[in-house]
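A.B. asks: Attaching a predicted model along with its sequence, questions to come.
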Amino acid sequence: MGILAWIVVGLIAGWLATLVVPGAVGGILGDLVVGIVGALIGGFIFRAFGAAGPTGFNLWSILVAFVGAVILLFIVKAVQTRAT
């Protein structure tokens, strides 16, 4: 995937994930980072179960990144909650 596709998929997936996970705030840069890291996490998880990871700029890649981003945000929230 090209860098521009990673950025667009990351922004969309990160933004959607912050809408789903309550209390997650990140702004545009936070959404981008969450989405791109989520794509990596989602790709690893989906490949472990035999499905394809992110394959380009398409709906499947956004779904994979979204699932990974939601998992990432829940992990971050759990760590932040335990730390306080």
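C.D. replies: Good, I have the coordinates. It should be emphasised that the depicted structure is a prediction, and the values quoted were computed from it without experimental measurement.
A.B. asks: Per-residue confidence, Met1, what does it come out as?
C.D. replies: pLDDT for Met1: 57.
A.B. asks: go on, the one 10 residues further on?
C.D. replies: Per-residue confidence for Leu11 comes out at a pLDDT of 91.
A.B. asks: Check Phe74 too.
C.D. replies: In this prediction Phe74 is given a pLDDT of 92.
A.B. asks: To what extent is it buried, counted in neighbours?
C.D. replies: Using other CB atoms under 10 Å, Phe74 has 14 neighbouring residues. Where C-beta positions appear, they are placed from N, C-alpha and C, glycine not excepted.
A.B. asks: which strands and helices sit next to the helix or strand hosting it?
C.D. replies: In this structure, Phe74 sits in helix 59-83 according to DSSP states H and E. Packing contacts for helix 59-83, counted by 3 or more CB pairs under 8 Å, 6 or more residues apart in numbering; DSSP states H and E, involve helix 3-20, helix 27-48.
A.B. asks: Looking at these, which is nearest to Leu59?
C.D. replies: Among the helices and strands packed on helix 59-83, the nearest to Leu59 by CB to CB is helix 3-20 (10.0 Å).
A.B. asks: Give me the buried stretch members for the closest one, please.
C.D. replies: 6, 8-18 (16 or more other CB atoms under 10 Å).
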